[in-house]
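Engineer: Whatever this is, show me its structure:
(chains A and B)
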Amino acid sequence: MLFGIEWDTTNDWLFAVSIFPILLRGLAVTIQATVLGFLVAAVLGLALAVLKSARSRLIAWPARVLTEFLRDTPLLVQLFFLYYVLPEYGIVLPAFVTGALALGVQYSAYMSEVYRAGLESIARGQVEAARALDLSALRTFGVIVLPQAVPRIIPALGNYLVSIMKDVPVLSVVSVLEMLNVAQIVSDRSFHYVIPLSMVGGLYLVLTLIASAGVRYLDTRLPKRGLPLR
Amino acid sequence: MDWMNYSLPLLEGAWVTVKLTFFSTLGGALLSFVFGVGRLSPNRAARYASIGFIELFRGTSLLVQLFWLYFALPLIGEALGINLRLPPVAAGALALSLNIGAYGAEVVRGALQAVPRDQHEAAKALDFTPRQTLWRISLPQAIPEMMPSFGNLAIQNLKDTALVSLISLGDLAFKAEQIRNFTQDSTRIYSILLLMYFGMALVLTAIMKLLERSVGRWRAGRT
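Structural biologist: Numbering: from 1, shown residues only, chains lettered A, B, ... in the order given. Model (predicted):
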């Protein structure tokens, strides 16, 4: 029994059907962790991207090294670091929040590169033309660069959303009850390993296929030449 | 003093991580070519099998695959009356190879498709067999294109090896976790651990860059 739901071990089919609602509880946590992790990564990534493009080398360099460091070290170790080291400095967070934070930190490095590439892909000439037309820096960014960069950035961010979802099972090591962890608990208690684990794999496959199709659809719908203004 | 006590087990673990990264990257590269080429094959069975492989291993999480191979596969073997109980090192290397192979197959496919179409037509006009076209025309041009992406995948693979510690394989992350359980000295151990992975990643990046340059040279040599 888990979450107050009993399973039925009379035969494999009934077992699969009876644990499905339990796995869905785990799935809900997986999706919450994905969304929270994605939001943290999107914000931290933007901050890193801004710091990296700073004119002062004293700011840009450390930001670049930090990005490289975050990207080259395993999520698992970053998670352990946050989970065991933060409390030593008096910051005690629930496991779920720590987990989402770790996902966000790891993926902020990838996302900062997406922002940078998106912004840099807007031809220099356009920025110079805007300056020649006497547009302020803020207006140039808001009306010229951003509307063209956003359609290039969004599909790449969408792909990272899918990647984050596939990394959520790592959070099970700090006892977050996401889908894989739930399946493991069911397996350990029922001594049936094949069905719960295979169901998790199947659910993941369905989720990623849907999410990838969603990203592709978004990609076709986004205006290639930039968001229309008004 | 603590430093000295930590360093030996950590180095032992690091060596396991290095070996695991090496073999699973190699295995992954092999699978990448098999399924990347298969994905573009005119043979329908080969094509669908490749698509199935790629979608299956890209679409499910690595940790799910690892646990499935380690916990579920032996039971399926039992039901079938064969011994499929994999030692942790085999399950780990297999899961990593399959996973990285599926990502790599997409890289191989992309690079092969980037070879201009008219070269295929020219090869056909010169009466090259499909096999000759693949080996002599497509791959020599496509492989240098794949190298930067393979470099990223190799780093990805190095990071992913940390997950094998969860099936009690004594890699770097596992050894560090053991020491932490013993000493409770989290801050220092995890800082060392992060730096060690970072160092290994930098070395791996340098190796992949060298490989990229030497592979790029074949292409220049042939023109």
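
Engineer: Show me which residues of chain A are close to chain B?
Structural biologist: A:69, A:71-78, A:80-81, A:84-85, A:88, A:166-170, A:172-173, A:180, A:184, A:187, A:193-194, A:197-198, A:200-201, A:204-205, A:208-209 (Cβ under 8 Å from any Cβ of the partner chain). To be clear about C-beta, it is placed using only N, CA and C from the backbone, and glycine gets the same treatment.

Engineer: Show me just the buried residues among these.
Structural biologist: Among the residues of chain A next to chain B, those classed as buried by 16 or more other Cβ atoms under 10 Å in any protein chain shown are A:69, A:71-78, A:80-81, A:84-85, A:166-170, A:172-173, A:180, A:184, A:187, A:193-194, A:197-198, A:200-201, A:204-205, A:208.

Engineer: out of the residues of chain A next to chain B, which are inside helices?
Structural biologist: Under the assignment DSSP state H, the residues of chain A next to chain B contribute A:69, A:71-72, A:75-78, A:80-81, A:84-85, A:166-167, A:180, A:184, A:187, A:194, A:197-198, A:200-201, A:204-205, A:208-209 to helices.

Engineer: Please, where are all the helices along chain B?
Structural biologist: B:2-39, B:44-59, B:62-67, B:73-80, B:88-113, B:117-125, B:130-132, B:139-160, B:172-183, B:186-222.

Engineer: Now A:Leu161: phi and psi?
Structural biologist: The phi/psi pair for A:Leu161 (degrees, to the nearest 10) reads phi -60, psi -40.

Engineer: Local confidence estimate at it?
Structural biologist: Listed pLDDT for A:Leu161 reads 92.

Engineer: what about the closest residue to it other than its chain neighbours, distance to B:Arg58?
Structural biologist: Excluding the flanking residues, the one nearest A:Leu161 by Cβ to Cβ, 6 or more residues apart in numbering or on different chains is A:Phe38, at 5.2 Å. Distance of A:Phe38 to B:Arg58, given as Cβ to Cβ, to the nearest Å: 19 Å.

Engineer: Look at the two and report which has more neighbours.
Structural biologist: Legend: neighbour count by other Cβ atoms under 10 Å in any protein chain shown for A:Phe38 and B:Arg58, higher for A:Phe38 (22 against 19).

Engineer: pLDDT wise, what is the more buried one at?
Structural biologist: On the pLDDT scale, A:Phe38 gets 95.

Engineer: That one - that's part of a helix, no?
Structural biologist: Yes - when DSSP: H, G, I helix; E, B strand; the rest coil is applied, A:Phe38 is found to be in a helix.

Engineer: that older thread, hey, which of the helices of chain B is tucked in deepest?
Structural biologist: Sort these by mean neighbour count, taking mean count of other Cβ atoms under 10 Å in any protein chain shown, and helix B:62-67 sits at the top with a mean of 24.

Engineer: okay if I get the helices of chain B as JSON lines plus mean pLDDT and distance to A:Thr30?
Structural biologist: Shown next, in JSON lines, are the helices of chain B (pLDDT from 0 to 100; distance: least, Cβ to Cβ, whole Å):
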{"stretch": "helix B:2-39", "mean pLDDT": "88", "distance to A:Thr30": "26"}
{"stretch": "helix B:44-59", "mean pLDDT": "93", "distance to A:Thr30": "14"}
{"stretch": "helix B:62-67", "mean pLDDT": "93", "distance to A:Thr30": "11"}
{"stretch": "helix B:73-80", "mean pLDDT": "86", "distance to A:Thr30": "23"}
{"stretch": "helix B:88-113", "mean pLDDT": "92", "distance to A:Thr30": "18"}
{"stretch": "helix B:117-125", "mean pLDDT": "87", "distance to A:Thr30": "42"}
{"stretch": "helix B:130-132", "mean pLDDT": "86", "distance to A:Thr30": "44"}
{"stretch": "helix B:139-160", "mean pLDDT": "91", "distance to A:Thr30": "19"}
{"stretch": "helix B:172-183", "mean pLDDT": "86", "distance to A:Thr30": "22"}
{"stretch": "helix B:186-222", "mean pLDDT": "86", "distance to A:Thr30": "25"}
